[in-house]
Structures are given as C-alpha cells and as structure tokens.
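Q: quick one: sequence plus predicted model below, questions after.
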Amino acid sequence: MLTYNKLSCINAPLFLLNMDSILSVELTSNDILNCVNQYYRDIVLALHECSCSCIPRKKHGFYKYWWDEELTLLKESAIQSYNIWSAVGKPRFGVEFDNMKRDKLRYKLAIKQKERCNANSFSDSLNDALSSKDVNSFCKIWRSKFGNNRLPSVIDDCCNEVDIANRFAEV
C-alpha cells in the first residue's frame, strides 16, 4: 500500500506520448530526455523510500545465531541487578553492588565463551573441508562467514583477468 501511494503521486509525462503536443510546445530532444530521466528518478526514489521504511537493514553477521536461552536469562539477570543497584543510588559497595558486578561478569563471560565456541566451530568446519579436499564445501563455509566479495573489475587501467594478471606479473 505504501508503494502504491508513493508511486501514484508521481506525474507521468503522458504528453510525450502525443507527437502533436511535443511539436506544439517545441520541445528539444534534451527536454524530452530530461522529462524521461526525471520520471525514472522519481520512480526509483519512491521505491527506495518504500524499501527503507519496510525492509530491515542489518549488516552481514548482525544476527547472532549462537545466541541461546542461557544468554537471554543471564542478560535479564544482569539488567535486573543493574536496575536494583541503580534504584538504591548506585553505591560503590554493598550487596546490590556485588550482585550487579557478579551478574554483569557472568553475562560477559558467557558471551565470550559462546563467541569463542562459534569461532572454533567455524575453524573446525574449514579444516574438515580442507582435509577432505572438498573445495565446494570449503568455499561455501568461507562465503557464509566473509560474504561473497567480487574482485575489482578495473585495476591499473586493466579490465580483464588476463591483463590484470599480467600487470601484477610485471610488478
């Protein structure tokens, strides 16, 4: 519905469809080109605005698939301890301070352990793929972690792989 509303506000240059109206107004080819380009830019802008408001944008690896119920409980406990400590005036010593520090450290330690376990399982998967000489599996695991970055298409004024390789060989 949002896309429909945005796109319906764009005025299409329908007068360009009638040759008599183009000749009567004496539009140049540059004027016509500008009208068409502006219409195109308006459509792209409307679609981009709709996508920004409807599609969540997160960086690669944003979601922590290793997050589990244990971490959720530790986080809630740390927040609760912090709120109690904050409610009593944030003392630098005492039972509330000790509870807040203990829960915070448990939470941080659990996060580090889960991240470390995740990194080890990734390394183990890569090692298994390499030792079994499974190139496809290795590449799939690698891309899942680091993305699928494309090589630059132009390097030092060379635009195909052979020329780029020869250019590197010269250096």
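A: Alright, I've got the coordinates. Numbering: from 1, shown residues only.
Q: name the nearest residue to residue 66, sequence neighbours excluded.
A: Of all residues not flanking residue 66 in the chain, residue 118 sits nearest, at 4.5 Å (CB to CB, 6 or more residues apart in numbering). Backbone N, C-alpha and C define where each C-beta goes, glycine included.
Q: ok, that neighbour touching residue 67?
A: No - with contacts counted by CB atoms under 8 Å, residue 118 stays clear of residue 67, the gap being 10.0 Å.
Q: the helix or strand bottoming out on mean pLDDT in the chain: what's the following helix or strand?
A: Ranked by mean pLDDT, DSSP states H and E, the weakest helix or strand in the chain is helix 19-25, scoring a mean of 70. Using DSSP states H and E, the next helix or strand after helix 19-25 towards the C-terminus is helix 29-54.
Q: ok, then the element right after that following helix?
A: Using DSSP H and E, the helix or strand that follows helix 29-54 in sequence is helix 69-87.
Q: please identify the buried residues of the lengthiest helix in the chain?
A: As assigned by DSSP state H, the longest helix anywhere in the chain is helix 95-131. Neighbour-count burial for helix 95-131 flags 96, 99-100, 103-104, 107, 110-111, 114, 125, 129 (criterion: 16 or more other CB atoms under 10 Å).
Q: from the contact counts, what lies against that helix?
A: Using 3 or more CB pairs under 8 Å, 6 or more residues apart in numbering; DSSP states H and E, the elements in contact with helix 95-131 are helix 69-87, helix 135-146.
Q: quick one: buried residues of the first one?
A: Yep, that's helix 69-87 we're talking about. 71, 74, 77-78, 81-82, 85.
Q: check which helices and strands that helix is in contact with.
A: helix 95-131.
Q: just to revisit the earlier point, turn the buried residues of helix 95-131 into TSV, including pLDDT and distance to residue 142.
A: Converted to TSV, these look like this (pLDDT from 0 to 100; distance: CB to CB, whole Å):
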residue	pLDDT	distance to residue 142
96	95	47
99	96	44
100	96	41
103	97	38
104	97	35
107	96	31
110	95	28
111	93	25
114	89	22
125	77	10
129	75	9
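Q: how about those residues in TSV, adding distance to residue 36?
A: Below are those laid out as TSV (distance: CB to CB, whole Å):
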residue	distance to residue 36
96	68
99	67
100	63
103	62
104	60
107	57
110	58
111	54
114	54
125	51
129	51
